[in-house]
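Q: Sequence first, predicted model second:
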Amino acid sequence: MSFTVSWHTLLEELDDLPDSATLTTPLSHDRFHVSDVQKQRVIIDFLDRDIDETRPLQRDQFETLYRRITDEPDGFDLDRLPTDADPYPAVLSLHPRFEIDEDQGVIGETEGPTTSQLLDSGDEAETIEEERTEPDLDVYADALLLIDALERHEVEVLEDIETDALVNLYTLLSDVQRNANDLRQDVADVLLNRLHYDRPVSGSFGSVQRTTRRNRSLKDESEVLETLEDAGIDPERVMGVDRQKVDDALDVTELSEGDVYEIEESEYVRKAEVDEERKETRLQGLKDQLAAAEGDEPEELRGEIEELEDRIEELTEFKSGSQFHTRAGGEP
């Protein structure tokens, strides 16, 4: 199939797109609308920038990307895109024969049904509100219990709370922290395959970026000493005190820890045990209360949730002036 045919097919798909449809770029995950479709270019409006930005995407740049995709049987590597070219594959993914695989970081041509970078069709009449479901996660259950406990006590003044209540709070906080960290790591493992170096990805509440952590561990001791000696370094200069050997020596002598260690003690609270049965009973009670709520209580709860969501949106929304940029995009 020639690019001319593919271009006209893409323009037809864009013409059928609702005005408020939202797309997202595959690398930086910036959201944008297609505001105008012309014979030689596509005009887009970014939604997540510090300043409102309108940008033309040129036909010849789409053709260059098309050529590179068709030349790569396994898909074109998105990391090879210039920084400003991120929207091109997002728009091209609306074509029925081109699809982005974010896990692999490529855009390729396919014969079968494809998915696109379309987040929201913008057709409110056909939009079905998704029901919230209860996730089968330990952190979710513990978070519900923690929220209930926080609402029952004046936590702004911890000194006035009874000891047993403080113990409950500490236990729940500890459980939430542990389980949340486990889930955070699981989320990070999946995100790692979708993030690219030097390309931060933003969400409503923050942004993340792929980084590299450097850990060091010495090679075999004899190999290290031999390498240093060959380089003219006296091995005795790097010989230190082995903590394990010191502890072994203390076991067979009359020396105390204080004779060879600087000891500083600090006290802390440690969770000793958790009454899982009691937690489960209380959790089920909360669920039953929510399920059996009658009268205006569900409406009041829904109103509080909507008010909280509005506050979050207001805090995270960028309010800026609009600026039109008339410049050609860089070559993909």
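A: Received the coordinates, thanks. Predicted, not measured: the structure shown is a model, and the values here were computed from it. Numbering: from 1, shown residues only.
Q: where does G105 fall, phi/psi-wise?
A: phi 70, psi 40 (degrees, to the nearest 10).
Q: ok, R184 - contacts?
A: R184 sits next to no residue when contact means Cβ atoms under 8 Å, 6 or more residues apart in numbering. Every C-beta, even on glycine, is put in place using the N, C-alpha and C of the backbone.
Q: quick one: pLDDT of it?
A: With respect to pLDDT, R184 has a value of 89.
Q: Could you pull out the buried residues of the one helix or strand it maps to?
A: For R184, the element it lies in under DSSP states H and E is helix 163-192. Buried residues in helix 163-192, counted by 16 or more other Cβ atoms under 10 Å: N168, L169, T171, L172, D175, V176, N179, A180.
Q: what does stretch 26-41 give?
A: So for stretch 26-41, counting by 16+ other Cβ under 10 Å, buried means P26, L27, S28, H29, D30, R31, F32, H33, V34, V37, R41.
Q: Can you tell me how far the fifth one is from I100?
A: The reference is to D30. Counting by Cβ to Cβ, to the nearest Å, the gap from D30 to I100 is 14 Å.
Q: So for stretch 70-78, mean pLDDT?
A: Mean predicted lDDT for stretch 70-78 stands at 88.
Q: circling back to that earlier point, mind putting the buried residues of stretch 26-41 into CSV with pLDDT?
A: Converted to CSV, the buried residues of stretch 26-41 look like this (pLDDT from 0 to 100):
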residue, pLDDT
P26, 86
L27, 84
S28, 82
H29, 83
D30, 84
R31, 86
F32, 88
H33, 89
V34, 92
V37, 93
R41, 93
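Q: Can you add secondary structure and give the residues you listed back as a markdown table?
A: Listed next are those as a markdown table, based on DSSP: H, G, I helix; E, B strand; the rest coil:
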| residue | secondary structure |
| --- | --- |
| P26 | coil |
| L27 | coil |
| S28 | coil |
| H29 | coil |
| D30 | coil |
| R31 | strand |
| F32 | strand |
| H33 | strand |
| V34 | strand |
| V37 | strand |
| R41 | strand |
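Q: backbone phi and psi for the residue nearest to T115 when sequence neighbours are not counted, please?
A: Spatially, and ignoring its direct neighbours in sequence, T115 is nearest to E99 (6.0 Å; Cβ to Cβ, 6 or more residues apart in numbering). In terms of degrees, to the nearest 10, the main-chain angles of E99 are phi -140, psi 140.
Q: Spit out the contact partners of E99.
A: Applying Cβ under 8 Å, 6+ apart, we find E99 in contact with S93, I107, G108, T110, T114, T115, S116.
Q: any idea how far it lies from I44?
A: 20 Å.
Q: now R68
A: 21 Å.
Q: Quick check on the two: which one has the bigger neighbour count.
A: Remark: of R68 and I44, I44 carries more neighbours, 22 against 15, as counted by other Cβ atoms under 10 Å.
Q: looking at this, the more buried one is in a strand?
A: Yes: assessed with three-state DSSP, I44 lies in a strand.
Q: Skipping adjacent residues, who's closest to it in space?
A: I44's closest residue in space is F32 (Cβ to Cβ, 6+ apart), at 4.7 Å.
Q: So that neighbour sits against T54, correct?
A: No: with contacts counted by Cβ atoms under 8 Å, F32 stays clear of T54, the gap being 9.4 Å.
Q: what residues are shared contacts of these two?
A: Common neighbours of F32 and T54, counting by Cβ under 8 Å, 6+ apart, are I44, D45, F46.
Q: Which stretches in the stretch 201-332 of the chain count as helices?
A: Along the stretch 201-332 of the chain, counting by DSSP state H, counting those that start in this stretch, helices occupy 221-230, 243-251, 257-260, 276-291, 297-316.
Q: V42: how many residues sit nearby?
A: 22.
Q: residue contacts, it?
A: Counting by Cβ under 8 Å, 6+ apart, V42 touches L14, V34, D36, P56, L57, V91.
Q: Looks like the fifth one contacts Q38 (just checking).
A: No: at 10.1 Å, L57 does not count as touching Q38 under the criterion of Cβ under 8 Å.
Q: And the residue of the chain most remote from its centre, how far from V260?
A: Using Cα atoms, centre = their mean, the residue of the chain lying farthest from its centre is E254. It sits 55.0 Å away. Applying Cβ to Cβ, the value for E254 to V260 is 12 Å.
Q: go on, K287?
A: To V260, K287 is 56 Å away according to Cβ to Cβ.
Q: Just the endpoints, please. Distance across stretch 237-244?
A: Counting by Cα to Cα, to the nearest Å, you get 20 Å between the two ends of stretch 237-244.
Q: Need the residues that contact that stretch.
A: By Cβ under 8 Å, 6+ apart, the residues outside stretch 237-244 that reach it are V224, L225, L228.
Q: hang on, isn't the first one packed against D230?
A: Which is V224. No: counting by Cβ under 8 Å, V224 does not reach D230; the two are 11.0 Å apart.
Q: So these two - more neighbours on which side?
A: Taking other Cβ under 10 Å, V224 and D230 do not tie; V224 has more neighbours (13 against 8).
Q: Could you check how far that one is from R243?
A: Counting by Cβ to Cβ, the gap from V224 to R243 is 18 Å.
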